[in-house]
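Student: Coordinates for the following, if possible.
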Amino acid sequence: MHPATLQNAQQLASLLAKHQRRIVLAESCTAGNVAGALAVIPGISSWLCGSFVIYRNDSKTQWLGIARDLLEDPQVGPVSQPVTLLLAQHALAATPEADLAAAVTGHIGPGCPDDLDGHVFFSLTTRHPSTVFQTHCRLSAPPPQNQLDVSARTTRMLQATNWVLQQISAQIQG
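Tutor: So this is what the prediction gives:
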């Protein structure tokens, strides 16, 4: 594991323990890497409830009840702030033991619309008190040049994973 990712995961695990918060994740573009980074931390099972790794629209609809018409709407689509918020809210609703839920969607590339290339959307919602935090970023890592450019995809996925770990930690710290 990349040293920065391990450091970000350790910080988040420490904050979850300190604040006695349990989290569930809904991950698209990070492909479960946020949960995977946390999973190497001893004792994390006290704080990490699980992660929905949801790439396909059918899975978003079937697993977390995201409306198909919203996912297919060209003005919204599966990689958007509204869908990311719904993923977080529905993951929290599906996981009664969790206190908070974080969701991430994004376009890692290649082959995505130019105006969304490298955009990552994040939402975090809490149960008590009920709060919502949303933000997005544009990845600085260069886009993949073609379907075989696994190195660029991996770099972007790692950048998105670290960013999400940092966003969750920042929200827990308040």
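Student: tell me the helices in the protein, going along the chain?
Tutor: Using DSSP state H, the helices of the chain run over residues 3-18, 33-39, 57-64, 68-72, 81-93, 150-173.
Student: what is the orientation angle of the longest one with helix 3-18?
Tutor: The one in question is helix 150-173. 30 degrees (axes from the mean of the first three to the mean of the last three C-alpha atoms, to 10 degrees).
Student: So which elements touch helix 150-173?
Tutor: helix 3-18, helix 33-39, strand 100-106, strand 119-126, strand 131-138 (3 or more C-beta pairs under 8 Å, 6 or more residues apart in numbering; DSSP states H and E). C-beta: built from backbone N, CA, C; applies to glycine.
Student: Kindly report the same for the fourth one.
Tutor: Packing contacts for helix 68-72, counted by 3+ C-beta pairs under 8 Å, 6+ apart, involve helix 57-64, helix 81-93.
Student: tell me the mean pLDDT over stretch 95-105?
Tutor: Here stretch 95-105 scores 97 as its mean pLDDT.
Student: what's the nearest residue to residue 5 if we skip its chain neighbours?
Tutor: residue 37 (5.1 Å; C-beta to C-beta, 6 or more residues apart in numbering).
Student: Run through the bridge partners of the residue nearest to the spatial centre of the chain.
Tutor: For the chain, the residue sitting closest to the mean C-alpha position, by C-alpha atoms, centre = their mean, is residue 104 at 2.9 Å. Going by DSSP bridges, residue 104 is paired in beta bridges with residue 27, residue 122.
Student: quick one: it and residue 31 touch, right?
Tutor: No: in this structure residue 104 lies outside contact range of residue 31 using C-beta atoms under 8 Å: 9.9 Å.
Student: got any residues that touch both of the two?
Tutor: Counting by C-beta atoms under 8 Å, 6 or more residues apart in numbering, residue 104 and residue 31 have no common neighbour.
Student: what's the neighbour count on the closest residue to residue 35 other than its chain neighbours?
Tutor: Excluding its sequence neighbours, the residue lying closest to residue 35 (C-beta to C-beta, 6+ apart) is residue 51, at 3.5 Å. For residue 51, the number of neighbouring residues by other C-beta atoms under 10 Å comes to 23.
Student: ok, how many other residues are close to residue 166?
Tutor: For residue 166, using other C-beta under 10 Å, the count is 15.
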